[in-house]
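Undergrad: Dropping a prediction and its sequence here:
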Amino acid sequence: MLKKILKILGLLQIVKFVWYEIVCEGLAFFYSLRKNFMKHPKMIWLFGSWLGKTFSDNPKYLYLYVLRNHPEITPIWVSRSDSVIAEVHRLGGKAVKRDSFKAHFYSLVSDAVFVTHQYYYDVIDYLPKTTLKVFLGHGMPLKKISLNSYEAQKMLETNLAITTSVVCQEAVSFAFSIPLQSIAVTGQPRADILFKKYDKQSILNEQIVNESSTIITYLPTFRKHLQRDDASPVILNLLKSEALRLLLDRYNAVWVMKEHNRYLLHDSSLVLEKDGNETRKYGNRIIKYPSLATVDVQELLNITDILITDYSSCYIDFLLLKRPIIFYCYDLKSYEQDQGFFYKYEDVTPGPKVFNGRELMQAIEAYLKDPSKDLDKREEICNFFHQYKNGQSSERIFRMIFEKTLKR
């Protein structure tokens, strides 16, 4: 009500200026002075992802790394979701509700913030100039991305972004309107998990799955014309086919499908909740997760033996495992015309390109028989996209940000 009255009287912009530019910036400045008087000041770092709706992606893995390895930092996760906050608490971390008094207080005294998109989407509307704003992103851009004018303007506030190689710097700079000199080659925190050993059954929680099972994972990118949790007709027909069931039985394989969760960006009412993990099955060897499932895609990649995707950047992470990748690009011509790519698609996708169910089945069986097929191509493109391949990206980012925050 007060906001409406001030707007009618033409005073809203004046009040905002006084509050943000004088009061908030003043408080943040005086708090930052503690570094001059304390020998080892404990820093506050804020984290958030996917509009504050998930505990996932690069911010999640950097948060967990800092929480478990650096007691000199107080990492705080900010979220809209009660289930996310509860999950962080179960892991021994600190989390607060977005727009709560605590969230606003911590924003004023924060030393750094880490996001997948932009801080006003993922964490909170306002951060002082003294806060180092770090864009971790949600994968290396393969397809072209366009920001609206407001998003592009706000991205100018980003102090630092990360990438996986020098080659990717220009794509990140172009896609997100970030100067090249502000983009550091560090690798992605979310890729660190790929260098750890995970149990297949514990991730999928399915009786049919055991350590000898071959996991075939299909992760399609977001498509505007498909409704949430819809799949292409070819895939739906394949999931119901007797041929696929027989193939999976023959090789002790399990098909897992997870829809893209970018739908969260297009519907503000959507949130990820635990009950979203209910799967739809097309037989005991086929599992289809809905788009709002909280299953961790990085954990899923970790246990995947054969990845099927199209234009999703998840395959760039998966290259680090050197395992087979199939590119089911049934709409390549129209997608390239409508969306476009930063690279020539054929040159950076080391695996068979299939356009229908028959070709997909043939490619799957070829890799089930010989997983080493096309290994040399995968290694070549892995070197193209990844400067580091040692699972220590979080440590590199931590050291870089810690030094920068000390100097601010």
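TA: Done, it's in.
Undergrad: domain parsing for this structure?
TA: Structural domains of the chain, as assigned by automatic domain parsing, span the residue ranges 33-187+391-407, 197-385.
Undergrad: Mind putting those into TSV with mean pLDDT and mean neighbour count?
TA: For glycine as for every other residue, the C-beta is placed from the backbone atoms N, C-alpha and C. Output for those, formatted as TSV (pLDDT from 0 to 100; neighbours: other C-beta atoms under 10 Å):
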stretch	mean pLDDT	mean neighbour count
domain 33-187+391-407	89	19
domain 197-385	82	17
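Undergrad: Strands along the protein, start to end?
TA: Along the chain, counting by DSSP state E, strands occupy 43-47, 73-79, 94-97, 112-115, 132-135, 160-163, 183-185, 214-219, 253-258, 280-281, 286-289, 306-309, 325-328, 353-354.
Undergrad: So which elements touch the second one?
TA: Think strand 73-79. For strand 73-79, the packing partners by 3 or more C-beta pairs under 8 Å, 6 or more residues apart in numbering; DSSP states H and E come out as strand 43-47, helix 57-69, helix 82-90, strand 94-97, helix 101-109.
Undergrad: Quick one, which of the ones you listed gets closest to residue 252.
TA: Taking C-beta to C-beta as the criterion, residue 252 comes closest to helix 57-69 out of the helices and strands packed on strand 73-79, the separation being 30.8 Å.
Undergrad: name the helices or strands packed onto the closest one?
TA: Using 3+ C-beta pairs under 8 Å, 6+ apart as the contact criterion, the elements in contact with helix 57-69 are strand 43-47, strand 73-79, strand 112-115, helix 393-407.
Undergrad: Indicate which one of these is closest to residue 193.
TA: The closest of the helices and strands packed on helix 57-69 to residue 193 is helix 393-407. By C-beta to C-beta, the value is 9.8 Å.
Undergrad: and the angle from that closest one to helix 57-69?
TA: 80 degrees (axes from the mean of the first three to the mean of the last three C-alpha atoms, to 10 degrees).
Undergrad: Show me how far helix 393-407 is from its chain's centre.
TA: The chain centre lies 20 Å from the centre of helix 393-407; the measure is C-alpha atoms, centre = their mean, to the nearest Å.
Undergrad: next one: stretch 67-79
TA: Centre to centre, stretch against its chain (C-alpha atoms, centre = their mean), the figure for stretch 67-79 is 19 Å.
Undergrad: that older thread, would you list the strands of the chain in JSON lines and tack on distance to residue 144?
TA: Output for the strands of the chain, formatted as JSON lines (distance: least, C-beta to C-beta, whole Å):
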{"stretch": "strand 43-47", "distance to residue 144": "28"}
{"stretch": "strand 73-79", "distance to residue 144": "30"}
{"stretch": "strand 94-97", "distance to residue 144": "34"}
{"stretch": "strand 112-115", "distance to residue 144": "21"}
{"stretch": "strand 132-135", "distance to residue 144": "18"}
{"stretch": "strand 160-163", "distance to residue 144": "16"}
{"stretch": "strand 183-185", "distance to residue 144": "17"}
{"stretch": "strand 214-219", "distance to residue 144": "20"}
{"stretch": "strand 253-258", "distance to residue 144": "24"}
{"stretch": "strand 280-281", "distance to residue 144": "32"}
{"stretch": "strand 286-289", "distance to residue 144": "27"}
{"stretch": "strand 306-309", "distance to residue 144": "17"}
{"stretch": "strand 325-328", "distance to residue 144": "18"}
{"stretch": "strand 353-354", "distance to residue 144": "19"}
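Undergrad: Out of the ones you listed, the one nearest residue 388 is which?
TA: strand 183-185 (7.9 Å).
Undergrad: tell me which strands and helices the closest one is in contact with?
TA: Identification of packing neighbours for strand 183-185 by 3+ C-beta pairs under 8 Å, 6+ apart yields strand 160-163, helix 166-176.
Undergrad: now what about the shortest one, what contacts it?
TA: Strand 160-163 has contacts (C-beta atoms under 8 Å, 6 or more residues apart in numbering) with 58, 132-137, 140, 169, 171-172, 176, 178, 182-188, 393, 397, 400-401, 404.
Undergrad: and what of the last one?
TA: In this structure, residues lying in contact with helix 166-176 by C-beta under 8 Å, 6+ apart are 135, 137, 140-141, 144-145, 147, 155, 158, 161, 163, 178-180, 183, 185, 342-343, 384-385, 387.
Undergrad: can you give me the helices in the stretch 201-350 of the chain?
TA: Secondary structure of the stretch 201-350 of the chain by DSSP state H, counting those that start in this stretch: the helices cover 233-239, 242-250, 263-266, 297-303, 314-318, 332-338, 345-348.
Undergrad: to the chain's geometric centre, what's the distance from the fifth one?
TA: Taking the mean of its C-alpha atoms, helix 314-318 sits 11 Å from the chain's own mean (C-alpha atoms, centre = their mean).
Undergrad: So for residue 222, which of the helices and strands packed on helix 57-69 sits nearest?
TA: Among the helices and strands packed on helix 57-69, strand 112-115 comes nearest to residue 222, with 18.8 Å by C-beta to C-beta.
Undergrad: before we move on, back to that, could you dump the helices and strands packed on strand 73-79 into TSV with distance to residue 315 added?
TA: Rendered in TSV, the data for the helices and strands packed on strand 73-79 read as follows (distance: least, C-beta to C-beta, whole Å):
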stretch	distance to residue 315
strand 43-47	26
helix 57-69	16
helix 82-90	27
strand 94-97	31
helix 101-109	35
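Undergrad: Can you check which of those gets nearest to residue 332?
TA: Go through the helices and strands packed on strand 73-79 one by one with C-beta to C-beta and the one that ends up closest to residue 332 is helix 57-69, at 26.4 Å.
Undergrad: just checking, residue 188 touches residue 392?
TA: No: contact between residue 188 and residue 392 fails when scored by C-beta atoms under 8 Å: they sit 11.4 Å apart.
Undergrad: beta partners for residue 288?
TA: Going by DSSP bridges, residue 288 is paired in beta bridges with residue 257, residue 280.
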